[in-house]
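> A predicted structure for the sequence below; I have some questions about it.
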Amino acid sequence: MGGLSSDEVLLGLGLVVVLAIGSQLVARLAGLPAIVVLLPVGFVAGVLTDTVQPEVLLGQIFQPFVSLAVGVILFEAGLRLSLEEIEPRIRLLVGRLVGVGVLVTFVGVAVAVWLLVDGVSTQAALVLGAILVVSGPTVVLPLLAYARPAGRIRSLVTWEGVLVDPVGALLGVVVFHAVLADKHGWRPGEMLASIAVGAAVGAVAAAILWLLLEETQRTAPRQAVPAVLMMVTAALVGADLLRDDAGFVAVTLMGMILANQRRIDVSLTLEFQGTLVQLLIGILFVLIAASVTPSAVESVLPGALLVVAAMAFVIRPLAVALATWRSDLTIRERAFIAWMAPRGIVAGATASAFGLGLTQAGIPGGDDVLPIAFVAIFCTVVLYGLTAAPVARLLGIAGPRGTTVLVVGGGPFAREAAAALQRAGVRVRLWAGNPDEQAAARAMGLEADRGSMMHGALTREAELEEITDALLLSRNDDFNALAAAELRVELGHGHVFRAASDLDHGDFAPVPGEAGIIADGVPSSAELNRYVTEGWQLVEREDGDGLALFVIGPDGAIRVATDDSGLQAGPDERLIVLAPADAAR
């Protein structure tokens, strides 16, 4: 282990894990993309410590670990490529953005690197051009959640970010193989053979995994994630042993195949995103950033900053202009899309792997690939992270910010509660399945539709992206209890509330001490609906005469009565109570 003692290795590994997870927690609390915190933390750890040095800490294991981790991340990205989930009205635009955008970005970045960074060969510039094509959902989605562009723009940029990850990774593999083949004499058959081997291994592994998941979903659903990890590892390693770097092709294709079949439920593997993938992303960024030395960054910094400027102000706008030519997008919408191209984890990981491969092959500029990619990743995320929201507001395409309450249920009390919150200035979305209840809600000026969060992972993310709080008010008490437990995982325990179950009905016994029960369980869900049917109303009151339910703050934040202590409104706050018709004013 490069001269480190066992205690030093333990310290180094512990620091990497703590910094990886801690940085993501800090970023989440600060409302920042995780990469904004991970990169400088890893870089500083590499400078200040002797233990967080990947080549010393992990030795020969480092690059294989990077390849394996990237393979898992690419598989998860491939799982997002369900063509059915792309809205038909933006499908063509997504294809044009990815196809034209990848080509223009590849050529533009390669030329910019070759012209603006001293000492980088044509081969290294081409590899960097391919590497810096990728963006990815791990950086795009947090920025979109922060900027909140409206409607189709969010969907369009989201799908571009999802699709360009595996497409860009495949392009990187192809260009990397072409550069190495050219170094030893052009042999296109070698490159095509690697792609063919990766595709074949990926197809076979996907078939085996499909059979395994079909069985586990029937008999042992909790074994789905271990089964996926086993097959992803087997496919990556097997393909790479047969042909160098064919593993990336194999695992991406595996994910795509599983995403576009309908016999098995791929949501069984969503723990990849919530646990394993997030952990790997954090560890990779800390290790990769720690492997970049200050001297390496300093030597390429002036040229790399010029490359970032060319990417942001020339290459990306040109790519978007060509891809959206003659589309129905407005100039403002195109401008925002042109100002949204951060680089992420796949770019960093492939730069680490391919840069080392170029250096070992003796290609000039190979050791500059990772430092340039590091500067590009950090600068683009900071640039877009700080400016995406102001630019969206300046262009007039920003969606509503602040509190958005999801009301689930179309019954009398659900509609009345949603309308009262909306009158108080809170943005409300209502999910109801009954067409008559939907019509009644829309007649009250509410945004009402059926929820589709069960359609798939991307749909679920899109459905809940703007939601800050949820009120479960359907007539089915058991559904409310189950949905509340599920949504608390997504939104937090202090942001999900439900009406109390009728103790004389329902198949589930109430959970002792469950938090988030509206009005401490009195009245129940059925009684709340009956009160409204009998003419009770939700109205704003100053004296609190009635059943206090909600307090709305001046910033739109909502507090919900969940105990019997009495909800009190403070200065500049608005109290909403449920009161009989003769007392409502």
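Done, it's in.
> check which helix or strand covers residue 429.
Here residue 429, judged by DSSP states H and E, is contained in strand 427-431.
> what about residue 474, how many residues close to it?
21 (other C-beta atoms under 10 Å). Just so you know, the C-beta spots here come from the backbone N, C-alpha and C atoms, and that holds for glycine as well.
> Grab the nearest non-local neighbour of it.
Spatial nearest neighbour of residue 474, excluding adjacent residues (C-beta to C-beta, 6 or more residues apart in numbering): residue 409 at 3.7 Å.
> residues touching that neighbour, list them.
430, 431, 432, 472, 473, 474, 475, 480 (C-beta atoms under 8 Å, 6 or more residues apart in numbering).
> ok, of these, which one's closest to residue 208?
residue 431 (38.4 Å; C-beta to C-beta).
> I'd like the distance between the closest one and residue 421.
15 Å (C-beta to C-beta, to the nearest Å).
> all strands of the stretch 301-450 of the chain, in order?
For the stretch 301-450 of the chain, the strands defined by DSSP state E, counting those that start in this stretch cover 404-408, 427-431, 447-449.
> Let me have those strands in a markdown table, extended by mean neighbour count and mean pLDDT.
Below are these laid out as a markdown table (neighbours: other C-beta atoms under 10 Å; pLDDT from 0 to 100):
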| stretch | mean neighbour count | mean pLDDT |
| --- | --- | --- |
| strand 404-408 | 24 | 90 |
| strand 427-431 | 23 | 90 |
| strand 447-449 | 17 | 85 |
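> Tell me where the stretch 301-450 of the chain has helices.
316-323, 331-338, 345-360, 369-395, 412-423, 435-443 (DSSP state H, counting those that start in this stretch).
> and of these, who's closest to residue 193?
helix 345-360 (17.5 Å).
> What does the nearest residue to residue 79 once chain neighbours are set aside show for phi and psi?
Of all residues not flanking residue 79 in the chain, residue 255 sits nearest, at 4.4 Å (C-beta to C-beta, 6+ apart). Per-residue torsions, residue 255: phi -60, psi -40 (degrees, to the nearest 10).
> Measure how buried residue 255 is and give me the count.
Count around residue 255 with other C-beta under 10 Å applied: 26.
> mind checking pLDDT for it?
As predicted, residue 255 sits at a pLDDT of 86.
> Distance check, it against residue 266.
From residue 255 to residue 266 the distance is 9 Å (C-beta to C-beta).
> Make sure the residue nearest to residue 79 is actually in contact with residue 75.
Yes. Shown here, residue 255 and residue 75 form a contact pair, counting by C-beta atoms under 8 Å, at 4.5 Å.
> And stretch 320-340, what's buried?
Going by neighbour count (16 or more other C-beta atoms under 10 Å), the buried part of stretch 320-340 is 320, 323, 324, 329, 333, 334, 335, 336, 337, 338, 339, 340.
> so what's residue 491 up against?
Here residue 491 is in contact with 464, 467, 468, 469, 470 (C-beta under 8 Å, 6+ apart).
> which one is residue 235 nearest to, not counting chain neighbours?
With C-beta to C-beta, 6+ apart, the residue lying closest to residue 235 is residue 205, at 3.7 Å.
> Out of the contacts of residue 409, which is nearest to residue 349?
So of the contacts of residue 409, ranked by how close each gets to residue 349 (C-beta to C-beta), first place is residue 431, at 38.7 Å.
> in the sheet, who's paired with that closest one?
Beta-bridge partners of residue 431, counted by DSSP bridges, are residue 408, residue 449.
> Please look at it and residue 411 and confirm they touch.
No. In this structure residue 431 lies outside contact range of residue 411 using C-beta under 8 Å: 12.0 Å.
> Helix or strand: which one has residue 206?
helix 188-219.
> mind checking how far residue 323 is from residue 398?
22 Å.
> Sorry, slip of the keys, the one I care about is residue 163.
24 Å.
> With neighbour numbers in mind, choose between those two.
Shown here are residue 163 and residue 398; by other C-beta under 10 Å, residue 163 has more neighbours (25 against 19).
> any idea of the mean pLDDT for the helix or strand in which that one is found?
Using DSSP H and E, residue 163 sits in helix 151-183. Helix 151-183 shows an average pLDDT of 76 in the prediction.
> Run the angle between it and helix 316-323 for me.
Calculated by axes from the mean of the first three to the mean of the last three C-alpha atoms, to 10 degrees, helix 151-183 forms an angle of 110 degrees with helix 316-323.
> Buried residues, helix 151-183. List them.
Here helix 151-183 shows 152-182 as buried, counting by 16+ other C-beta under 10 Å.
> And stretch 288-295, by the same measure?
Under 16+ other C-beta under 10 Å, the buried positions of stretch 288-295 are 288, 289, 290, 291, 292.
> Can you check the distance spanned by it, start to finish?
End-to-end span of stretch 288-295 (C-alpha to C-alpha, to the nearest Å): 15 Å.
> and it, average pLDDT?
Mean predicted lDDT for stretch 288-295 stands at 87.
> same question, stretch 558-577
79.
> if we can go back for a sec, so how far is residue 277 from the residue nearest to residue 79?
12 Å.
> okay, and the common contacts of these two?
Common neighbours of residue 255 and residue 277 (C-beta under 8 Å, 6+ apart) are residue 76.
> returning to that earlier point: inside helices: which ones of the buried residues of stretch 288-295?
Counting by DSSP state H, those place 288, 289, 290 in helices.
> Kindly reformat these as TSV containing distance to residue 524.
Listed next are these as TSV, based on distance: C-beta to C-beta, whole Å:
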residue	distance to residue 524
288	54
289	54
290	56
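> which one of the residues you listed is nearest residue 561?
Using C-beta to C-beta, these come closest to residue 561 at residue 289, 46.7 Å.
> residues in contact with that closest one?
Listed by C-beta under 8 Å, 6+ apart, the contact partners of residue 289 are 38, 39, 40, 41, 42, 43, 45, 46, 348, 374.
> Swap in 10 Å and give it another go.
Residue 289 sits next to 19, 35, 38-47, 52, 54, 348, 370, 374, 377-378 when contact means C-beta atoms under 10 Å, 6 or more residues apart in numbering.
> Same check on residue 253?
Here residue 253 is in contact with 74-75, 78, 81, 166, 170, 198-203, 205-206, 235, 239 (criterion: C-beta under 10 Å, 6+ apart).
> Which helix or strand contains it?
Going by DSSP H and E, residue 253 is part of helix 246-259.
> Any idea how far that helix is from the middle of the chain?
Its chain's average C-alpha position is 19 Å from that of helix 246-259, according to C-alpha atoms, centre = their mean, to the nearest Å.
> same thing with stretch 257-270?
18 Å.
> Got the confidence number for residue 445?
At residue 445, pLDDT is 89.
> Kindly report the same for residue 436.
89.
> Would you mind measuring from residue 42 to residue 322?
Residue 42 is 36 Å from residue 322, by C-beta to C-beta.
> State the pLDDT value of residue 46.
At residue 46, pLDDT is 89.
> no, scratch that, I was asking about residue 3
For residue 3, pLDDT reads 69.
> Please apply the same query to the one 4 residues further on.
Confidence at residue 7, expressed as pLDDT, is 87.
> ok, now residue 518?
pLDDT recorded at residue 518 is 86.
> what's the answer for residue 260, then?
82.
> With residue 379 instead?
91.
> quick one: it and residue 307 touch, right?
Yes. Contact criterion C-beta atoms under 10 Å: residue 379 and residue 307 qualify, at 9.3 Å.
> between those two, who's got more neighbours?
residue 307 (29 against 19).
> any idea which helix or strand carries the nearest residue to that one once chain neighbours are set aside?
Of all residues not flanking residue 307 in the chain, residue 112 sits nearest, at 4.8 Å (C-beta to C-beta, 6+ apart). According to DSSP H and E, residue 112 maps onto helix 88-116.
> Quick one: list the elements packing against that helix.
helix 122-131, helix 151-183, helix 294-310, helix 316-323, helix 331-338, helix 369-395 (3 or more C-beta pairs under 10 Å, 6 or more residues apart in numbering; DSSP states H and E).
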